[in-house]
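*Asks:* here is a sequence together with a model predicted from it:
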Amino acid sequence: MKILCDRQQLQDAFSVVGGIPPVKTPNPIVQNVLLRAEGDQVVFFATDYELSARSVMASVQVLEPGAVLLPARETGQLLRELSEPTVSLAGSDDHRTTIECGSGSYQLVGDDPAEFPAEPQFDGTVELQVTSGAFLEMFRRTSFAVAREETRYAINGLLLDYDSGNLRLVGTDGRRLALCHQEIEGPDEPARAVVPLRALQALGRAIDGEQDAVLRVQLGDNRIAFQLGTTTVISQLLDNRFPAYEQVIPKVAETSIEVDRLQLERGVRRVAVLSSGDVRMVRFEFRDAALLLSAESSGVGRAKHTIDATIEGPSSAISFNPDYLLDALKVSDREIIRIDMTDDSTPARFALGETYTYVLMPISGS
């Protein structure tokens, strides 16, 4: 196998699949990425048996067709360091691949491509279509809220919930919940699946360069497939025992507050500097057309910051973890946000956009 290609195209195509191979595995061969050159294109494929990704690099000068396995981690690191416009790759019979770029030559030891797992075949029972850029924005606004603890398996991914032309992505870790929705044209039957975060992260790397393309989503009993142009991501689904998220979102509120998002984000960041210790906490007090933010740390100091606000309802106070709030504020594009709350022991609802809702549990006993 021998090819000559554009370095940036090679980096982009490899990055889609390069994060799939596991760092630790009882089967080391899947720590590689399969590169197969044929015709005038190169196909990249990677899998860890639960998650697979395939990407295609077109308009390649294939001097000798064939296939090689490239060690994923080292190849990815090397490609990020290269800067010359053109790269050549040549494989040998002893499963070594030489990458030449400018004045540099780098040899990587792979394995026998004939031993690599085959690409999975999958036809879903339900198909949805959404603009890739819109889906990426939904992912960006919800993925940070996904639980990272492995023991919380049912919420280690994003819930994809479709019903009657409305597609929702929901992420939660039990302390906060992020929900984003999009109206799409789709089938009559509802569909629901919990998608591993890693699958959507791989998809996000592919979408970055194709924000106006159509993303096809196919759902089956225990797998999901995303197809975007020549990129395909297929993943097993997580346990579908996702919490009844609609019951978590407050339906009524005694106090509603409207405040400038940028001023709120700036104020929370400043006050949070003096919110250290075991419990990160910023206190919110709503009164007299103003929001007073405060925090203190024993032996370090205290901070107060006042922001103009429009308040409907009785004066109130509530405390939040500032990091959880900032995660959501920085992905909102709304100038004025609304906070709906009842008391300091029930969740508060943040309206951060026309299609973006965030629910945050307060820190009680403050």
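*Replies:* On my side now, so go ahead.
*Asks:* which residues touch E50?
*Replies:* E50 makes contact with P196, S235, Q236, according to Cβ atoms under 8 Å, 6 or more residues apart in numbering. For glycine as for every other residue, the C-beta is placed from the backbone atoms N, C-alpha and C.
*Asks:* write a PyMOL command that selects only the buried members of the residues you listed.
*Replies:* To isolate the buried ones among the contacts of E50 in PyMOL, judged by 16 or more other Cβ atoms under 10 Å, type:
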select buried, resi 196+235
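*Asks:* which strand residues bridge A191?
*Replies:* Y162 (DSSP bridges).
*Asks:* which ones among the contacts of E50 map onto strands?
*Replies:* Using DSSP state E, the members of the contacts of E50 that fall within strands are P196, S235, Q236.
*Asks:* and these as TSV, adding distance to L4 and pLDDT?
*Replies:* Listed next are the ones in strands among the contacts of E50 as TSV, based on distance: Cβ to Cβ, whole Å; pLDDT from 0 to 100:
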residue	distance to L4	pLDDT
P196	36	93
S235	33	96
Q236	37	95
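*Asks:* and of the residues you listed, the nearest to A37?
*Replies:* S235 (26.3 Å; Cβ to Cβ).
*Asks:* list the residues that contact the closest one.
*Replies:* Going by Cβ under 8 Å, 6+ apart, the list of residues near S235 reads E50, L51, S52, V195, P196, R198, A199, R223, I224, A225.
*Asks:* filter those down to the buried ones.
*Replies:* Neighbour counting with 16+ other Cβ under 10 Å marks L51, S52, V195, P196, R198, A199, R223, I224, A225 as buried within these.
*Asks:* do you know how far A72 is from Q31?
*Replies:* Distance, A72 to Q31, by Cβ to Cβ, to the nearest Å: 6 Å.
*Asks:* so what sits against both of these two?
*Replies:* P21.
*Asks:* just for this protein, where's the confidence low?
*Replies:* When residues are selected by pLDDT under 70, those of the chain lie in 151-153, 209, 277, 365-366.
*Asks:* want to throw the ones in strands among the contacts of E50 into CSV with distance to R148?
*Replies:* As requested, the ones in strands among the contacts of E50 are exported to CSV (distance: Cβ to Cβ, whole Å):
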residue, distance to R148
P196, 12
S235, 18
Q236, 19
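*Asks:* quick check, nearest of those to L63?
*Replies:* Looking across the ones in strands among the contacts of E50 and measuring by Cβ to Cβ, the closest to L63 is S235, at 34.6 Å.
*Asks:* tell me the SS of the residue lying closest to that closest one once chain neighbours are set aside?
*Replies:* Counting by Cβ to Cβ, 6 or more residues apart in numbering, S235 lies nearest to A199, which is 3.6 Å off, once chain neighbours are set aside. What DSSP: H, G, I helix; E, B strand; the rest coil gives for A199 is helix.
*Asks:* what do you get for the one 5 residues further on?
*Replies:* Using three-state DSSP, the secondary structure recorded for G204 is helix.
*Asks:* my read: it touches F139, true?
*Replies:* Yes: in terms of Cβ atoms under 8 Å, G204 counts as a neighbour of F139; the distance is 5.9 Å.
*Asks:* neighbour-wise, which of these two wins?
*Replies:* Using other Cβ atoms under 10 Å, the more surrounded residue of G204 and F139 is F139, with 21 against 17.
*Asks:* name the helix or strand for that one, please.
*Replies:* Element membership of F139 [criterion: DSSP states H and E] is helix 132-142.
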